[in-house]
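>>> only geometry, no sequence info:
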């Protein structure tokens, strides 16, 4: 089966106190973005990467690709105003029967194992959403106050959110809603259930300066 | 109003690949436990600390107190088989009209500001539970599958969970249930609502080796 990794790198990095967007910060001498691309390309010989970047960062993204990869398996496209629209743009380049991985560029510590696990589960079930357990107690707030949730039932969602193209492509034809914070919610709004797989504690988002330090330590 | 900080240090540190329990690991030359105690003592001149330790660690805890504090405001007591029972033991030493803070020793980066915020809110509302927003999408699993939650409604719970003694002391007379992962759940099971206050991103638990690095960077 063909394989596309849509890597979304849309953030502006405001939480990093740094004018460089997070995905371009250096981690052991290479940009954060490098690591996600590298892991997907290594996972399968026929993996194709679709990198979705804000228009202003296309040139910088192209430089990284030219510097670190033989780029025949990587394409770049322009992001949209929301994550939904960015993914929608990326999917235009994945318009074939395939397994599609949608991944946050700043989750740069994902493992090849996780990519394989998502692929296998998506082949079997049509979808694979990596999740991890929550270490903290959790509450849910509403107009009526707040109440505790059973922590053991709460899962924190990661990427790559992985789908059979025959599910993901039609799902992304639906109208955008503000509540879409990830691909699983789009697929659910389209009317299908999603399947969960075990994520990885190290597969965290780089959002704070301290996260870069952790990633450096783990590498 | 009198003030008691019940600092619970029960963990065995199995996630750290280190035989030393997390609360005794060194952070800039001082044990993790030092920082929580220090912050509470600094917050109010009349704050009293009740340190709850597993029986095996009482001597090590006493050494830390002797080394770093004039200890007239610190008492040690023995923990129980669960967090509930440890807190219950600690509360026996706080049997007076007071504001009681229950804190995880391994959340050693809490600020004096947070202690003040919790005190003020607990004085006004009877309870104050610090929470932060969740950066990840969240799902809840059940026998029927899994579904997304509105991320903006989900709050991750921290400590110090802070209460008026007239709420917390009778709440801890109820029978233990497995679902009690924190003090707020005990108070709810007792029949009262709890009030949320803004927590702090830096007020995380030290559970992995990388967390020590972050804490070191932040100090």
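Arrived safely. All figures in this text were calculated on a predicted structure; none of them were measured in a lab.
>>> Please count neighbours and contacts with C-alpha atoms only from this point.
Fine.
>>> Help me confirm that residue A:118 comes into contact with residue A:197.
Yes: look at residue A:118 against residue A:197 with CA atoms under 8 Å: they come within range, at 7.0 Å.
>>> Looking only at neighbour counts, state which of those two leads.
Between residue A:118 and residue A:197, counted using other CA atoms under 10 Å in any protein chain shown, the more crowded position is residue A:118 (29 against 19).
>>> if I look at the more buried one, how far off is chain B?
Between residue A:118 and chain B the computed distance is 17 Å (CA to the nearest CA, to the nearest Å).
>>> element containing that residue, please.
Counting by DSSP states H and E, the element that carries residue A:118 is helix A:112-125.
>>> contacts for that helix?
Outside of helix A:112-125, the residues that reach it under the criterion CA atoms under 8 Å, 6 or more residues apart in numbering or on different chains are A:39-40, A:42-43, A:99, A:127-130, A:160-164, A:195, A:197, A:199-200.
>>> Any chance you could list residues touching both of residue A:118 and residue A:197?
The contact lists of residue A:118 and residue A:197 share A:128-130, where a contact means CA under 8 Å, 6+ apart.
>>> Most neighbours of all the residues you listed, which one?
The most crowded member of the shared contacts of residue A:118 and residue A:197 is residue A:128, carrying 27 neighbours; neighbours defined as other CA under 10 Å.
>>> Could you list the contact residues of chain A toward chain B?
Taking CA under 8 Å from any CA of the partner chain as the contact definition, chain A meets chain B at A:136-142, A:146, A:148, A:150, A:153-158, A:179, A:181-182, A:185, A:193-195, A:210-211, A:213-214, A:217.
>>> what about the closest residue to residue A:71 other than its chain neighbours, distance to residue B:118?
Across the structure, with CA to CA, 6 or more residues apart in numbering or on different chains as the measure, the residue nearest residue A:71 apart from its sequence neighbours is residue A:65 (6.4 Å). When distances are taken as CA to CA, to the nearest Å, residue A:65 and residue B:118 turn out to be 49 Å apart.
>>> how close does the residue with the largest distance to the centre of chain A sit to chain B?
Largest separation from the mean C-alpha position in chain A: residue A:144, at 34.0 Å (CA atoms, centre = their mean). Separation of residue A:144 from chain B (CA to the nearest CA) stands at 11 Å.
>>> same question, residue A:172
Between residue A:172 and chain B the distance is 18 Å, computed by CA to the nearest CA.
>>> returning to what we had before: could you turn the buried ones of the residues of chain A next to chain B into a PyMOL selection?
In PyMOL, selecting the buried portion of the residues of chain A next to chain B, with burial taken from 16 or more other CA atoms under 10 Å in any protein chain shown, looks like this:
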select buried, chain A and resi 136+137+138+139+140+146+148+154+155+156+157+158+181+182+185+193+194+195+210+211+213+214
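>>> The residues of chain A next to chain B in helices, which ones?
Cross-referencing those with the helices (criterion: DSSP state H) gives A:185, A:210-211, A:213-214, A:217 as the overlap.
>>> Show residues contacting the helix or strand containing residue A:100.
Here residue A:100 sits within strand A:98-104, counting by DSSP H and E. Strand A:98-104 is contacted from outside by A:1-9, A:87, A:94, A:119, A:122-123, A:159-165, A:168, A:183, A:205, using CA under 8 Å, 6+ apart.
>>> mind running it again at 6 Å?
Contacts with strand A:98-104, where a contact means CA atoms under 6 Å, 6 or more residues apart in numbering or on different chains, come from A:1-8, A:159-165.
>>> Give me the sheet partners of it and which way each runs.
Sheet partners assigned to strand A:98-104 using DSSP bridges are listed as strand A:2-8 (parallel), strand A:161-164 (antiparallel).
>>> Return the angle between stretch directions for the first one and helix A:112-125.
Strand A:2-8 runs at 120 degrees relative to helix A:112-125, counting by axes from the mean of the first three to the mean of the last three CA atoms, to 10 degrees.
>>> Run me through the strand neighbours of the very next helix or strand once past strand A:2-8, direction for each.
Sequence-wise, the next helix or strand downstream of strand A:2-8 (DSSP H and E) is strand A:26-27. Note on strand A:26-27: by DSSP bridges, its sheet partners are strand A:30-31 (antiparallel).
>>> can you name the two of the contacts of strand A:98-104 that are farthest apart?
A:1 and A:8 (22.1 Å; CA to CA).
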